[in-house]
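S.K.: need a structure here:
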Amino acid sequence: MSKLKSVLKKDKNFILREEFQNNLLRRINSEKDKIKLGGGKKAIDNLHSKKKLHCRERIELLIDSNTYFMELNTFAAFGMYEEHGGAPSSGTIFGIGKIHGRNCVIVANDATVKAGAWFPITCKKNLRAQEIAMENKLPIIYLVDSAGVFLPMQDEIFPDKEHFGRIFRNNAVISSMGIPQIAAIMGPCVAGGAYLPIMSDEALIVEGTGSIFLAGAHLVKAAIGEITDNESLGGATVTTEISGITDEKMQSDEECLEKIRELVSKFGEMDKAGFDRVKSRNAAYDETEIYGIIPQDSSKPYDTYELICRIIDDGDFDEFKPTYGKTIITGYARIDGWAVGIVANQRSIVKSKSGEMQFGGVIYSDSADKAARFILNCNQRKIPILFLQDVTGFMVGSRSEHGGIIKDGAKMVNAVANSTVPKITIITGNSYGAGNYAMCGKAYDPRFIFAYPNAQIAVMGGSQASNVLLDIKTGQLKKQGKEITEEDKKKFLDEIKKRYEDQTNVLYAASRLWVDEIIDPADTRKIVSYCIELANNNPEMKKFNVGVIQT
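M.R.: Predicted coordinates for the structure are as follows:
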């Protein structure tokens, strides 16, 4: 095994890059601080006046003291639903934390955001939480406090496969998989939303604040003329002593959360996948130096080895095919003691085996072939794979097409799609076109996918897209016997570039759950290590088989 040596110079360029990344992080963290207030301080105070805790306070009491809570999809719905007053974090908090040392997925409605109502993206976020629980065999805790579906958008959340009903279907599947589900009814739980806690394996309810029914008092009166109240319909006493739909009545949020902790403490030990881990060693170089590696301009090259040696243990890197297919780096390493295979786009300009200069961040035939072979090796040896994605796409042009770039790219995509070992993806820069797919974008089922604050996701870069669209528009006008003026060209290009800038921004991606979270680059080691720990909880991996691959 060889050691990666850094030749990074802390010159003026380093300082400018570092300052750029820190500014991005400050903006991300500032937005996150606002989001964490949910519906605002006044709304949280209002909850407290009703002897209820805010969802974040509930999570803090539920997990072990002074332990890490990996919150995911924090930026869900960012910039969305503005016509309805917005929905910070989509009105639902979810993440993974330890309860008596056991990793659990925790989902909590934020009652300060439209009374915890479900927007379309809220449903997608809850489905992602359940997916993570299923893929990693993690117990899941639901802290329910929701008014149900946000009715003005019911047509976008109710009937389809990935809509509201899928949540309850997943409840049944998760239970059949032997994964524990505990629900705490800590506020209203209405209509279809009532099925989520009752389809869990155990349901607790808080007296005075928790209630559960298919129809509230107003709807009952409208439907059948009966006059009643919500407490009589489905309060804590009714549901624990008369209907028996909940299992135990709790006097307060605090008591309810402590009860969940007691229940989780008695869970039996699960089998593990058996991923290899040895004693952790620190990275050879300071992780915060990553800030000074990645350039401000995403089109500029940098040496990806400099990034890797700040993530892996002690710089030890057993590279696979180091002199072949150089625009992708492949190799074995350890992160916090865990064995990992790394597939990373090399962003510096390199020479091919024939001496031809190759663009950094572009996937060529030889690099695609190498990556596919490496992925097969990792599956054979049961080694999780970390994808460090900074890719502008596959190489184009007649020479590449004649050389079979589509065929070689298909080999790599096939290997990624059929890989059964856990895949963790971090978008460290660009993520364009088919390169997003080949480097395990969201469509290729990574166990977890993250992005650095500078990440950009799109079918192609803004300048390329604007020029392509301008050519099309010019051609259309010529067919009509018209010419486009230089002023109109500039206006058109500016409009396209502005739209692409907005849509490729990492917050746009995070709001739509294309990534699980935007992370601080300096936390990469901690996050990757925790993700492998979570993945190690599921011992069931299918046998790796690739589909038809043309050679």
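
S.K.: what residue ranges in the chain score low on pLDDT?
M.R.: Scanning the chain for pLDDT under 70 picks out the ranges 1, 192, 402, 461-463, 465-466, 547-551.

S.K.: show me what contacts the residue nearest to Ala43 when sequence neighbours are not counted?
M.R.: Spatial nearest neighbour of Ala43, chain neighbours left out: Thr112 (3.7 Å); criterion: C-beta to C-beta, 6 or more residues apart in numbering. Just so you know, the C-beta spots here come from the backbone N, C-alpha and C atoms, and that holds for glycine as well. Shown in contact with Thr112 (C-beta atoms under 8 Å, 6 or more residues apart in numbering): 38-40, 43-44, 46-47, 54.

S.K.: so which of those residues comes closest to Leu127?
M.R.: Using C-beta to C-beta, Gly38 is the member of the contacts of Thr112 that sits closest to Leu127, with 21.1 Å.

S.K.: Who are the contact partners of that closest one?
M.R.: By C-beta under 8 Å, 6+ apart, Gly38 lies in contact with 44, 54-56, 88-89, 91, 110, 112-113.

S.K.: how close does it get to Asn13?
M.R.: According to C-beta to C-beta, to the nearest Å, Gly38 and Asn13 sit 41 Å apart.

S.K.: Equivalent analysis for Thr504, please.
M.R.: Relative to Asn13, and taking C-beta to C-beta, Thr504 is found at 24 Å.

S.K.: ok, those two, which is more surrounded?
M.R.: Taking neighbours as other C-beta atoms under 10 Å, Thr504 and Asn13 compare with Thr504 leading, 22 against 14.

S.K.: what is the closest residue to the more buried one other than its chain neighbours paired to in the beta sheet?
M.R.: The shortest distance from Thr504 to any non-neighbouring residue, by C-beta to C-beta, 6+ apart, is to Gln456 (4.1 Å). According to DSSP bridges, the partner residues bridging Gln456 are Asn430.

S.K.: Assess the claim that Gln456 and Gly433 are in contact.
M.R.: No - in this structure Gln456 lies outside contact range of Gly433 using C-beta atoms under 8 Å: 12.0 Å.

S.K.: Now the element after the top helix by length along the chain, going C-ward?
M.R.: Ranked by residue count under DSSP state H, the longest helix found in the chain is helix 12-35. For helix 12-35, the following helix or strand on the C-terminal side (DSSP states H and E) is helix 41-49.

S.K.: which residues in the stretch 351-500 of the chain form strands?
M.R.: Using DSSP state E, counting those that start in this stretch, the strands of the stretch 351-500 of the chain run over residues 357-358, 362-363, 385-391, 393-394, 423-432, 448-451, 456-458.

S.K.: Next, format the ones you listed as TSV and append distance to Leu376 and mean neighbour count.
M.R.: Output for those, formatted as TSV (distance: least, C-beta to C-beta, whole Å; neighbours: other C-beta atoms under 10 Å):
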stretch	distance to Leu376	mean neighbour count
strand 357-358	23	14
strand 362-363	17	24
strand 385-391	11	27
strand 393-394	20	22
strand 423-432	14	26
strand 448-451	22	25
strand 456-458	27	21
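
S.K.: Could you give the number of residues near Lys370?
M.R.: If you count neighbours by other C-beta under 10 Å, Lys370 ends up with 24.

S.K.: swap in Glu495?
M.R.: 12.

S.K.: Equivalent analysis for Arg381, please.
M.R.: 12.

S.K.: Look up how far Gly341 lies from it.
M.R.: Separation of Arg381 from Gly341 (C-beta to C-beta): 8 Å.

S.K.: returning to what we had before: can I get the longest helix of the chain in PDB, CA atoms only?
M.R.: What follows is helix 12-35, C-alpha atoms only, in PDB (Å, rounded to 0.1, in the frame of the first residue of the first chain):
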ATOM      1  CA  LYS A  12      -2.900  33.200  -2.600                       C
ATOM      2  CA  ASN A  13      -5.100  30.800  -4.700                       C
ATOM      3  CA  PHE A  14      -5.500  28.500  -1.600                       C
ATOM      4  CA  ILE A  15      -6.600  31.400   0.500                       C
ATOM      5  CA  LEU A  16      -9.100  32.600  -2.100                       C
ATOM      6  CA  ARG A  17     -10.600  29.200  -2.400                       C
ATOM      7  CA  GLU A  18     -10.700  28.700   1.300                       C
ATOM      8  CA  GLU A  19     -12.500  32.100   1.700                       C
ATOM      9  CA  PHE A  20     -15.000  31.100  -1.000                       C
ATOM     10  CA  GLN A  21     -15.900  27.800   0.600                       C
ATOM     11  CA  ASN A  22     -16.200  29.400   4.000                       C
ATOM     12  CA  ASN A  23     -18.600  32.000   2.600                       C
ATOM     13  CA  LEU A  24     -20.700  29.300   1.100                       C
ATOM     14  CA  LEU A  25     -20.800  27.400   4.400                       C
ATOM     15  CA  ARG A  26     -21.800  30.600   6.300                       C
ATOM     16  CA  ARG A  27     -24.700  31.000   3.900                       C
ATOM     17  CA  ILE A  28     -25.800  27.400   4.200                       C
ATOM     18  CA  ASN A  29     -25.500  27.500   8.000                       C
ATOM     19  CA  SER A  30     -27.400  30.800   8.200                       C
ATOM     20  CA  GLU A  31     -30.300  29.300   6.200                       C
ATOM     21  CA  LYS A  32     -30.200  26.100   8.300                       C
ATOM     22  CA  ASP A  33     -30.500  28.200  11.500                       C
ATOM     23  CA  LYS A  34     -33.700  29.900  10.200                       C
ATOM     24  CA  ILE A  35     -35.100  26.500   9.100                       C
END
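
S.K.: Which strands or helices does it pack on?
M.R.: Applying 3 or more C-beta pairs under 8 Å, 6 or more residues apart in numbering; DSSP states H and E, we find helix 12-35 packed against helix 506-511.

S.K.: who's in contact with the helix it packs on?
M.R.: With C-beta under 8 Å, 6+ apart, helix 506-511 has contacts from 28, 31, 73-80, 121, 451-457, 502, 515, 517-518.

S.K.: what lines up beside whichever strand or helix holds Tyr142 in the sheet?
M.R.: For Tyr142, the host element (DSSP H and E) is strand 140-146. Next to strand 140-146 in the sheet, as set by DSSP bridges, lie strand 102-109 (parallel), strand 181-190 (parallel).

S.K.: and the angle for it with helix 41-49?
M.R.: Here strand 140-146 points in a direction 100 degrees away from that of helix 41-49 (axes from the mean of the first three to the mean of the last three C-alpha atoms, to 10 degrees).

S.K.: Can you give the distance of strand 140-146 from its chain's centre?
M.R.: From the chain centre to the centre of strand 140-146 is a distance of 20 Å (C-alpha atoms, centre = their mean, to the nearest Å).

S.K.: Give the buried residues for whichever helix or strand comes after it.
M.R.: Going down the chain from strand 140-146, the next helix or strand is helix 164-176, by DSSP H and E. Buried residues in helix 164-176, counted by 16 or more other C-beta atoms under 10 Å: 164-168, 170-171, 174.

S.K.: Throw those residues into TSV and include distance to Glu262, thanks.
M.R.: As requested, the buried residues of helix 164-176 are arranged in TSV below (distance: C-beta to C-beta, whole Å):
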residue	distance to Glu262
Phe164	31
Gly165	32
Arg166	31
Ile167	26
Phe168	27
Asn170	26
Asn171	22
Ile174	21
